[in-house]
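Chemist: have a look at this prediction, sequence included:
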Amino acid sequence: MTRRPIIALTPGEPAGIGPDVAIAFAQQAPDFDLVLIADSALLTARAAQLKTAFDARPWGGRGHDIPAVYVLPIATSHPVQAGRLDPANSPYVIECLRRAVHGCRNREFDALVTGPVHKGVINDAGIAFTGHTEFLAAESGTEQVVMMLAAPGLRVALATTHLPLSEVSRAITRAHLTGVLRILHADLRAKFGIPDPQILVCGLNPHAGEGGHLGREEIEVIEPVLAALRAEGFKLRGPVPADTAFIPASLVGMDAVLAMYHDQGLPVLKAHDFAHAINITLGLPFVRTSVDHGTALELAGSGRADASSLRAAVEAALRMIKPQMNTDNKSRVPSRES
């Protein structure tokens, strides 16, 4: 019997549009099991506010007969008002993520899709939180992960993530950059089915350092790392000046771009196709994708939130787990003994 995929979905900040887009996405009849890890009362109330029917079964673990939408209930601490942040509900957001990671680690779920969280209100609650990427790495015990955003026609990975610009240069060491490129290369092969990935690597400084006149990070860090990995067979182009890295001629034949810092690469990708952009964490022991938009508090409960990014994130997760699902299903076929 073929096993269906099970996708865990955390809607994120309860006062934002995460519940809205989760409810909207749940309207389609899935051919997989979709498990919303959230407050059941919150979802019911938000659906009523949106004047949308919402019907989900309680999650009881694997083994259900038909694909459906399920809820694994975790209660908020305070009642939720759409559009109004409440630090008291920040532990709820974290607990939903923890439960999702636990389920992915023990293979209760095949992948995790996350909705938008509000970093500010989580920190206001006294919980140190820089973002999903860092939290999921710590919670899963993963030493190094890579943040990559993707949209149709473009993938952009980051050498550093949520750091002040003043700290970026110190963070880009030879060891760190080597690790980032190894993870990016491995997951492009394993999770995207690209047998020999071609990766364009941006420089850090204007004009990629201009031969050392505008910074020496390219000479002292980036170029030696690229040379060492090329010697192992990696197909790497760069360091390329970031102001020309994203023009169409530069991207021909490239499977991904590695930007050195958050705002070097992500504005380009979001301008390319914001509605269908998604966030992917590479290097985790499970598949994680996410929407690439914020909580949009002003839209929460209005019925105007666009679920396109969530739909793209779920579809990407299903594609990324397909090789593992095929392996699992083959192992379930009884062998024929002569």
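Modeler: Structure's in. What do you need?
Chemist: what about the strands in this protein?
Modeler: Applying DSSP state E to the chain gives strands spanning 6-10, 33-38, 57-58, 69-73, 111-114, 146-151, 154-158, 198-202, 235-240, 256-259, 278-282, 287-291.
Chemist: now distance to Pro267, mean pLDDT and mean neighbour count too, for the ones you listed, in JSON lines please.
Modeler: Using the backbone N, CA and C atoms, a C-beta is placed for each residue, glycine as well. Formatted as JSON lines, the entries for the strands of the chain read as follows, by distance: least, Cβ to Cβ, whole Å; pLDDT from 0 to 100; neighbours: other Cβ atoms under 10 Å:
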{"stretch": "strand 6-10", "distance to Pro267": "26", "mean pLDDT": "97", "mean neighbour count": "27"}
{"stretch": "strand 33-38", "distance to Pro267": "31", "mean pLDDT": "97", "mean neighbour count": "25"}
{"stretch": "strand 57-58", "distance to Pro267": "41", "mean pLDDT": "94", "mean neighbour count": "11"}
{"stretch": "strand 69-73", "distance to Pro267": "35", "mean pLDDT": "96", "mean neighbour count": "20"}
{"stretch": "strand 111-114", "distance to Pro267": "22", "mean pLDDT": "98", "mean neighbour count": "26"}
{"stretch": "strand 146-151", "distance to Pro267": "11", "mean pLDDT": "96", "mean neighbour count": "24"}
{"stretch": "strand 154-158", "distance to Pro267": "10", "mean pLDDT": "98", "mean neighbour count": "23"}
{"stretch": "strand 198-202", "distance to Pro267": "13", "mean pLDDT": "98", "mean neighbour count": "23"}
{"stretch": "strand 235-240", "distance to Pro267": "17", "mean pLDDT": "98", "mean neighbour count": "18"}
{"stretch": "strand 256-259", "distance to Pro267": "10", "mean pLDDT": "98", "mean neighbour count": "26"}
{"stretch": "strand 278-282", "distance to Pro267": "15", "mean pLDDT": "96", "mean neighbour count": "25"}
{"stretch": "strand 287-291", "distance to Pro267": "17", "mean pLDDT": "96", "mean neighbour count": "26"}
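Chemist: just send these back as CSV, with distance to Val180 too.
Modeler: Rendered in CSV, the data for those read as follows (distance: least, Cβ to Cβ, whole Å):
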stretch, distance to Val180
strand 6-10, 26
strand 33-38, 29
strand 57-58, 41
strand 69-73, 33
strand 111-114, 21
strand 146-151, 5
strand 154-158, 7
strand 198-202, 10
strand 235-240, 12
strand 256-259, 7
strand 278-282, 9
strand 287-291, 17
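Chemist: for those strands, which one sits closest to Val21?
Modeler: In this view, those are compared for proximity to Val21 by Cβ to Cβ, and strand 287-291 is the closest at 7.1 Å.
Chemist: and that closest one, what does it pack against?
Modeler: Using 3 or more Cβ pairs under 8 Å, 6 or more residues apart in numbering; DSSP states H and E as the contact definition, the elements that strand 287-291 packs against are strand 111-114, helix 132-140, strand 278-282, helix 308-332.
Chemist: try 10 Å
Modeler: Contacts of strand 287-291 with other secondary structure elements, assessed using 3 or more Cβ pairs under 10 Å, 6 or more residues apart in numbering; DSSP states H and E, are made with strand 6-10, helix 18-25, helix 90-105, strand 111-114, helix 132-140, strand 146-151, strand 278-282, helix 308-332.
Chemist: how is the protein partitioned into domains?
Modeler: Domains of the chain are assigned by automatic domain parsing as 1-142+284-338, 144-275.
Chemist: worst average pLDDT in the helices and strands packed on strand 287-291?
Modeler: Ranked by mean pLDDT, these bottom out at helix 308-332, which scores a mean of 83.
Chemist: tell me the buried residues in it?
Modeler: The neighbour-count criterion (16 or more other Cβ atoms under 10 Å) identifies 308-314, 316-318, 320-321, 324-325 as the buried residues of helix 308-332.
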